[in-house]
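Novice: The following comprises the amino acid sequence and a computationally predicted model.
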2 protein chains.
Amino acid sequence: MNFTVSKNKFYAALQNVAHAISPNSPLPVLKGIKINANEPDNLILTASNNDLAIQTSLSNEQDKDLNLTIEEGGAVVIDAKYLLDIVHKIDGDTLHMEIIDGALTMVKGQNAQYRINGMKADTYPTIDLSKPADAITTKADQLAEIIDETAFAASDQETRPVLTGVNFTLHDGVLECTATDSYRLAKKTIPFASDLTFRVTIPAKSLNEVKAIMLQEADKDIEIAQNTKKAQFSNGTVLLQTRLLDGGYPDTDRLIPREFHHTLTIRRSTLLSALDRCIFKSDNMTVNRLQCSQDDVIFSNGSQEIGDFQQSLMEEGTKFEGDPIDISFSGAYVQQAARALKGDTIEICFSGPMKPFILKDPANDTILQLALPVRTYN
Amino acid sequence: MNFTVSKNKFYAALQNVAHAISPNSPLPVLKGIKINANEPDNLILTASNNDLAIQTSLSNEQDKDLNLTIEEGGAVVIDAKYLLDIVHKIDGDTLHMEIIDGALTMVKGQNAQYRINGMKADTYPTIDLSKPADAITTKADQLAEIIDETAFAASDQETRPVLTGVNFTLHDGVLECTATDSYRLAKKTIPFASDLTFRVTIPAKSLNEVKAIMLQEADKDIEIAQNTKKAQFSNGTVLLQTRLLDGGYPDTDRLIPREFHHTLTIRRSTLLSALDRCIFKSDNMTVNRLQCSQDDVIFSNGSQEIGDFQQSLMEEGTKFEGDPIDISFSGAYVQQAARALKGDTIEICFSGPMKPFILKDPANDTILQLALPVRTYN
């Protein structure tokens, strides 16, 4: 292996694939990025962990500023941490990379030169990156919106693994994306022109990586191919493959209340700044209380030992309809839900003090956020 | 206690005194800031730990935008973490603070209102903030320069406590400020018009706090008063008192070599970027090697397991005089020393491969940086 390439282009590509590296991987070779140099002018970079694999392909044809010259093809695996550091810090605009002995690899800039002990490419596990047959295509900004609005609500506990993902269900031209950790739920429903039918649960972590590396250009087409084992996201240059979560995803529709007896309409900014002011935590959790009547809306929180906070939310833009209600909930959950709703106004619909309640943007019916109340002993 | 005050002014003053809080203080009252409201219009804020105390005084006379109104004098101590959070997050431009019962204190903004369990002011330890008789005055920018150039070289190990400070010695109109952790040394020597003679060692941590909170305005006078027990820094509004470090400070002059046989002149930027490129560490320490001759200056580092790096420093601005020398040293120490020298060019003067060497700015003879070589087995 022996090639020269634009330092900045190579660094950007390495940063993308490095998202698949688990720094604590028990298999040393998986801490590395596999570099394949294929004559005449194609570099393939691969990184993976148990859950996902990311591969990117670089060629002069795709990117005229790449300035790739391959003098000799070959492959090597180099620890991602060192490789990123080296390519970031080396001097000059172009770098030269060359295997000098076995897996000992030289990386040369203008005056600076590194030699790093790599790992032989044939020790890297074989990853099946074949493309599943069923594929849909969406725009990058639409997929980014789905991920923003749902992925945060997935569980971060491994007790029920299937809840650490976002469920994508496509049927009859409707795509439903649902995430829940069983204390709150986010659901995005959009019309989707496709004859396909599928129901897959994609790890939220993988979706966050998709967002971090593939969705910068709003208008770009993203292809999502999936079968019962895996899903593949591709934007033409970067391919991200993730395993799916096994196990039946719960039927969440029955959890969502359909009838509401109390509705609070409030500016999103009013709610978010009041939530931000709640600094008193008990047991690492901020429990907030909302006492709503048509005369006043009192938002409060407190801890016996430290102190308490209260604020009236009855200001311009606030309106409450229905009988008075007194309800307590986790501030962090409502804060994340309110952040995920992007409109100026939020509608919070209650069925009763111990029933799930929903938050929605009255101007956007594709997204629904649900939270459970918390029992308190006031 | 009952007063109203400008929220932003109050917050800035709290941030300053909070620098004296040790979050892990075993005495709960020392996690708090003591607020004294003195009629007619003076607030005094105090915070302290074992090593230092910071006090600031606020009055309408000193600051016309303070908008302080004291309806009732009094005092209370409030946990700094909560108080800063509350004052930062409360709404409105003015806040109202009032003891409502014992040490339960209300903090009120426009719509938001907090009640926090404070601590009674009489439980706060008495701190002697009387001013020592011997005082000198310096400009803020001069003191900032001294701290920047020396404090980093103090030890962070408590094995020899006196080395965790910067020694200030004033005699015969010369001020010498010295810091060393016994592996490297920084020494600032400036003429100082004063008849006083003293030799005190001030904790480097305290000096860094002085820099953080008192030296923003370059031209401001800073008074430093000291006796054998303590030093007090004052800029007119903030007073910082620090204990001194006991024990004789070592005589460092005999460590500084006076004769050199090899001199490397190099651009500061060339040296710093080469040091930044040294990424291979053994035992958490980056050992660098410099092989100098009149033909070439090779800078390198390496680790048997991971790899190695090398770069020629022989570029414009580099000049070596004397017989060839091959010397190894801690990259981090030389990096900090080179950063503390602000000129464009650095002169590194060597006496021999196992002798201390010094770094200096040829355009500024007030500051000298010394480092010890590291023995290697190449």
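Specialist: Perfect, I can see it now.
Novice: Flag every residue of chain A that's near chain B.
Specialist: Residues of chain A that fall close to chain B, judged by C-beta under 8 Å from any C-beta of the partner chain: A:79, A:82, A:85-86, A:89-91, A:104, A:111-117, A:273-274, A:276-277, A:279-280, A:305-312, A:315. Backbone N, C-alpha and C define where each C-beta goes, glycine included.
Novice: ok, of those, which come out buried?
Specialist: Among the residues of chain A next to chain B, those scoring as buried are A:79, A:82, A:86, A:89-91, A:111-117, A:273-274, A:277, A:279-280, A:306-311 (criterion: 16 or more other C-beta atoms under 10 Å in any protein chain shown).
Novice: Which of those residues fall in helices?
Specialist: A:82, A:86, A:89, A:273, A:274, A:277 (DSSP state H).
Novice: Could you check the helix or strand encompassing residue A:370 and say which residues are buried?
Specialist: Residue A:370 is part of strand A:364-371, with elements assigned from DSSP states H and E. Residues A:366, A:367, A:368, A:369, A:370, A:371 are the ones in strand A:364-371 that count as buried (16+ other C-beta under 10 Å).
Novice: Can you read off the pLDDT for the closest residue to the third one other than its chain neighbours?
Specialist: If you skip the residues right next to it in sequence, residue A:368 has residue A:187 as its closest partner in space, 4.9 Å away by C-beta to C-beta, 6 or more residues apart in numbering or on different chains. In the prediction, the pLDDT value recorded for residue A:187 is 98.
Novice: what distance separates the helix or strand harbouring residue A:187 from the centre of its chain?
Specialist: Using DSSP H and E, residue A:187 sits in strand A:184-191. Its chain's average C-alpha position is 15 Å from that of strand A:184-191, according to C-alpha atoms, centre = their mean, to the nearest Å.
Novice: Mind listing residues that contact that strand?
Specialist: With C-beta atoms under 8 Å, 6 or more residues apart in numbering or on different chains as the test, strand A:184-191 has contacts from A:142, A:145-146, A:149-150, A:152-153, A:173-180, A:252, A:255-256, A:330, A:333, A:336-337, A:340, A:366-372.
Novice: Now which of the residues you listed would you call buried?
Specialist: A:142, A:145-146, A:149-150, A:152-153, A:175-180, A:252, A:330, A:333, A:336-337, A:340, A:366-372.
Novice: For the helix or strand hosting residue A:207, what does the pLDDT average out to?
Specialist: Secondary structure assignment for residue A:207, by DSSP H and E: helix A:204-214. Helix A:204-214 shows a mean pLDDT of 97.
Novice: in its sheet, what does the helix or strand following it sit against?
Specialist: The helix or strand immediately downstream of helix A:204-214 is strand A:221-226, counting by DSSP H and E. Strand A:221-226 has the following strand partners under DSSP bridges: strand A:134-139 (antiparallel), strand A:230-234 (antiparallel).
Novice: Go ahead and measure how far the last one is from the middle of the chain.
Specialist: Looking back up the chat, that one is strand A:230-234. How far strand A:230-234 lies from its chain's middle: 14 Å, per C-alpha atoms, centre = their mean.
Novice: Can I get that strand in CSV? Just the C-alpha atoms.
Specialist: Extracted C-alpha coordinates of strand A:230-234, given in CSV (Å, rounded to 0.1, in the frame of the first residue of the first chain):
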residue,chain,number,x,y,z
LYS,A,230,-30.3,-5.1,9.4
ALA,A,231,-30.9,-1.7,8.0
GLN,A,232,-28.5,0.2,5.7
PHE,A,233,-28.5,4.0,5.3
SER,A,234,-26.6,5.4,2.4
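Novice: I appreciate the help and will end here.
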